[in-house]
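**Student:** What shape does this take:
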Amino acid sequence: MQGLNPKLRDHYLSFGTFTYPGLYKQELVNLTDDIRELGMLVRMNIIHRTTLAAGNVGTNADLRFGDMTKMPWWRQPDDDILPTATAMLTELHRLDDRGLVADRAIENKIIVTCRFVSILMASILKSKGIPARVRSGNAPYFEKGETTARAIK
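**Tutor:** Residues are numbered from 1 along each chain as shown. You can find the predicted model right below:
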């Protein structure tokens, strides 16, 4: 980031407990440098738990993220068991040993919320030398009377 204080830049380049990529760092370095493409690649490897619950409507009406009816009935959200980038990457490799791929079968995707997508994306960006941080909180202003968790990168 241009104009970013070097000390602050170094801080946002350093890994924390959640963003540390472990043995997957070189794999992440080798991914595309296009941030939009990286975001779509991550999106093709996860299912947001609300998308799974809602089914093939809204942003997934065209099935761009897969046919939610094909997800095995026994699959549950992975947020509680995959809290770190390393854990998510390990599970993605366990489900499909190719790692982060654009053509991942729906049954081989992990089910997480936007907070965990942000952690994974920050890990990728930091691995590529791009300063990043994750902040998350609740956004009560999207729908009146309802508080929704949102992640901010």
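**Student:** So residue 103, which state does it fall into?
**Tutor:** coil (DSSP: H, G, I helix; E, B strand; the rest coil).
**Student:** Please renumber the chain so that the first residue is 14 from this point on.
**Tutor:** Taking 14 as the first residue, the last one we looked at is residue 116.
**Student:** Show the contacting residues for it.
**Tutor:** By C-beta atoms under 8 Å, 6 or more residues apart in numbering, the contact set of residue 116 is residue 57. In short, each C-beta sits where N, CA and C put it, glycine included.
**Student:** Can you list the neighbours in contact with stretch 138-147?
**Tutor:** With C-beta under 8 Å, 6+ apart, stretch 138-147 has contacts from 14, 17, 22, 25-28, 31-32, 34, 38, 41-42, 44, 46, 48, 51, 128, 131-132, 134-135, 164-166.
**Student:** What are the buried residues along that stretch?
**Tutor:** Within stretch 138-147, the residues that count as buried by 16 or more other C-beta atoms under 10 Å are 138-141, 144-145, 147.
**Student:** Which of those fall in helices?
**Tutor:** 138-140 (DSSP state H).
**Student:** Out of those residues, the closest to residue 104 would be?
**Tutor:** Proximity of those to residue 104 (C-beta to C-beta) peaks at residue 140, which lies at 17.8 Å.
**Student:** So the closest one versus residue 26, what's the distance?
**Tutor:** Residue 140 sits 10 Å away from residue 26, going by C-beta to C-beta, to the nearest Å.
**Student:** Equivalent analysis for residue 96, please.
**Tutor:** To residue 26, residue 96 is 21 Å away according to C-beta to C-beta.
**Student:** same question, residue 68
**Tutor:** 39 Å.
**Student:** give me every residue that touches the residue most central in space within the chain.
**Tutor:** Centroid-nearest residue in the chain: residue 130, 2.2 Å away (criterion: C-alpha atoms, centre = their mean). Residue 130 sits next to 55-56, 59, 61, 164 when contact means C-beta under 8 Å, 6+ apart.
**Student:** same question, residue 46
**Tutor:** Contacts for residue 46 (C-beta under 8 Å, 6+ apart) come out as residue 141.
**Student:** Determine the three-state secondary structure at it.
**Tutor:** Following three-state DSSP, we place residue 46 in the coil state.
**Student:** Would you list the phi and psi of it?
**Tutor:** phi -90, psi -10 (degrees, to the nearest 10).
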